[in-house]
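S.K.: Turn this into a structure:
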Amino acid sequence: MLIIDGPRSNSAGFSSGVSPWAYLLDQGPLIVHYLQLAVWPTPLVLDYGEPTLRTLGEVWPAAAAVLVLLVATLIAWFRVPAIAFLGSWFFITLAPTSSLLPIATEVGAERRMYLPLMAVLSAILVAGARLLQTISEPGTRRVVTMSAAGTVCAVFGSLTLVRNSEYATGLSIWQTVVDRRPTGRAHYYLGRELRAVGRRDDAIAQYRLALDTSPDAHYAMGFEFAADGRHQEAVESYQDFIRLRPLDGNVPRAYNNLGRSLMALGRHQEAAAAFRETLARKPSDKDATAGLADSLFAMQRWAEAVTAYSDYLRIAPADPAALFGMGLALARLARYEEARDAFASVVNQQPTNVAAHVNLASALANTGQLGESVREFRRAMELEPDPEAKRGLEQAIAELLSAH
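M.R.: Numbers count the residues shown, from 1 in each chain. Model prediction:
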């Protein structure tokens with residue numbers, strides 16, 4: 001009732017994108033599974049994945065079992081109220097997460113049994129106590145009780161140690177999920193863990209297994225395709241991720257990465273649009289602002305490029321690459337004094353940058369500072385290793401001196 005008017009983002013509630021009926025069909029098998037784990041808690045699963053589309057024909061045995069328990073609980077109120085109380089406790093405490101109210105991000109979770117488990121264990125303990133009372137000899141009853149309690153503690157303690165060992169690393173725990181409940185999300189997270197330990201090929205194999213059901217896998221594959229220079233495939237992967245998860249927190253970064261791959265393909269106008277999508281979601285994003293400036297420069301939209309580079313330099317002051325790009329754009333606009341200052345800043349930071357010296361020399365020449373221009377050309381000659389390029393610089397100096 002608390003979330004009817006205000007669903008928890010898009011993760012839970014009747015407007016979460018999962019229908020109550022579809023969610024309810026998933027719950028029958030899960031409730032039966034929870035009851036089995038209440039008696040024998042293994043194998044346990046960290047993540048049960050997202051809701052899936054099932055038919056009543058697929059789940060009817062488990063659904064019938066749950067319905068029988070529910071009806072038995074109702075009848076018990078007229079015959080054995082104590083048992084009815086335990087049954088009601090079980091269903092009422094489980095109902096908010098495991099009935100009609102969809103939780104779009106997680107179809108099931110073992111932690112949902114924490115409160116219902118109290119009823120199950122109470123019933124087991126009461127039944128055990130009643131059974132022990134049938135042993136008339138107190139000494140024998142005491143021995144049986146202690147032996148049973150010790151055995152249960154030893155067995156379940158051992159299971160706990162085994163389960164704790166599965167949590168030793170992210171890789172080991174996600175491997176257990178894939179082994180026991182192989183959903184797309186499980187394959188994706190196992191891929192992430194494999195990638196983190198340097199097993200890239202194995203990680204990509206897991207991402208591929210996740211593509212049909214896990215949008216995050218499309219994002220991961222886009223990154224891997226781009227790393228391999230397969231930018232067309234990267235573009236398609238990022239676009240698939242954005243289409244499938246338009247509200248995801250990674251969408252701004254996906255647009256930025258999409259822009260970089262589009263730039264690599266020479267599709268500069270589309271790249272600029274992608275970078276603008278990032279900035280619409282994350283104003284002043286450093287990478288997207290730089291990408292937008294570079295794409296505008298590539299389209300020879302010099303004035304817009306200068307504005308974008310200026311925006312970027314407010315975020316990352318004195319970045320030499322941005323200063324160099326802005327200097328080139330300013331030179332194209334014949335704003336030579338501003339171009340000179342930009343190239344001078346680059347030279348101050350990177351005194352061995354030949355291209356910065358050459359462009360500074362050209363800007364100085366265009367502002368009438370011929371002596372300073374010749375000095376920069378000569379400095380560029382000293383740094384330039386290519387003989388052919390050296391001859392070009394010598395010619396530029398000769399032309400300046402003859403003009404002077």
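S.K.: what are the ranges of the helices in the stretch 251-400 of the chain?
M.R.: For the stretch 251-400 of the chain, the helices defined by DSSP state H, counting those that start in this stretch occupy 251-264, 268-281, 286-298, 302-315, 320-332, 336-349, 354-366, 370-383, 387-403.
S.K.: Let me have these in CSV, adding mean neighbour count as columns.
M.R.: All C-beta spots, glycine's among them, are computed from the backbone N, C-alpha and C. Below are these laid out as CSV (neighbours: other Cβ atoms under 10 Å):
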stretch, mean neighbour count
helix 251-264, 23
helix 268-281, 20
helix 286-298, 23
helix 302-315, 19
helix 320-332, 22
helix 336-349, 20
helix 354-366, 23
helix 370-383, 18
helix 387-403, 13
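S.K.: I'd like those helices as JSON lines, with mean pLDDT and distance to Ser16 appended.
M.R.: Shown next, in JSON lines, are those (pLDDT from 0 to 100; distance: least, Cβ to Cβ, whole Å):
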{"stretch": "helix 251-264", "mean pLDDT": "97", "distance to Ser16": "18"}
{"stretch": "helix 268-281", "mean pLDDT": "97", "distance to Ser16": "22"}
{"stretch": "helix 286-298", "mean pLDDT": "96", "distance to Ser16": "30"}
{"stretch": "helix 302-315", "mean pLDDT": "96", "distance to Ser16": "36"}
{"stretch": "helix 320-332", "mean pLDDT": "96", "distance to Ser16": "43"}
{"stretch": "helix 336-349", "mean pLDDT": "95", "distance to Ser16": "51"}
{"stretch": "helix 354-366", "mean pLDDT": "93", "distance to Ser16": "54"}
{"stretch": "helix 370-383", "mean pLDDT": "90", "distance to Ser16": "62"}
{"stretch": "helix 387-403", "mean pLDDT": "85", "distance to Ser16": "62"}
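S.K.: can you tell me which of those helices comes nearest to Gly184?
M.R.: Proximity to Gly184 (Cβ to Cβ) singles out helix 251-264 among the helices of the stretch 251-400 of the chain, at 17.8 Å.
S.K.: Quick one: work out the angle between the closest one and helix 286-298.
M.R.: For helix 251-264 against helix 286-298, the angle by axes from the mean of the first three to the mean of the last three Cα atoms, to 10 degrees is 30 degrees.
S.K.: elements contacting helix 251-264?
M.R.: If you count contacts as 3 or more Cβ pairs under 8 Å, 6 or more residues apart in numbering; DSSP states H and E, helix 251-264 packs onto helix 215-227, helix 231-244, helix 268-281, helix 286-298.
S.K.: Take those helices and write them to TSV, including distance to Arg260.
M.R.: Converted to TSV, these look like this (distance: least, Cβ to Cβ, whole Å):
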stretch	distance to Arg260
helix 215-227	7
helix 231-244	8
helix 268-281	8
helix 286-298	6
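S.K.: For Val144, find the nearest of those.
M.R.: Val144 lies closest, by Cβ to Cβ, to one member of the helices and strands packed on helix 251-264: helix 215-227, at 52.8 Å.
S.K.: So what's the gap between the closest one and the chain middle?
M.R.: What separates the centre of helix 215-227 from the centre of its chain is 11 Å, taken as Cα atoms, centre = their mean, to the nearest Å.
S.K.: do the same with stretch 92-106
M.R.: Put simply, stretch 92-106 sits 25 Å off its chain's centre (Cα atoms, centre = their mean).
S.K.: For that stretch, C-alpha coordinates in CSV please.
M.R.: What follows is stretch 92-106, C-alpha atoms only, in CSV (Å, rounded to 0.1, in the frame of the first residue of the first chain):
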residue,chain,number,x,y,z
ILE,A,92,1.7,-12.6,5.3
THR,A,93,5.4,-11.9,5.8
LEU,A,94,6.2,-13.4,2.4
ALA,A,95,3.4,-11.7,0.5
PRO,A,96,4.9,-8.2,0.0
THR,A,97,7.8,-9.6,-2.0
SER,A,98,6.4,-12.9,-3.4
SER,A,99,2.9,-12.4,-4.6
LEU,A,100,1.3,-9.8,-6.9
LEU,A,101,3.5,-6.8,-6.3
PRO,A,102,6.2,-7.0,-9.0
ILE,A,103,9.8,-6.4,-8.1
ALA,A,104,11.2,-5.9,-11.6
THR,A,105,14.9,-6.1,-10.7
GLU,A,106,14.8,-9.4,-8.8
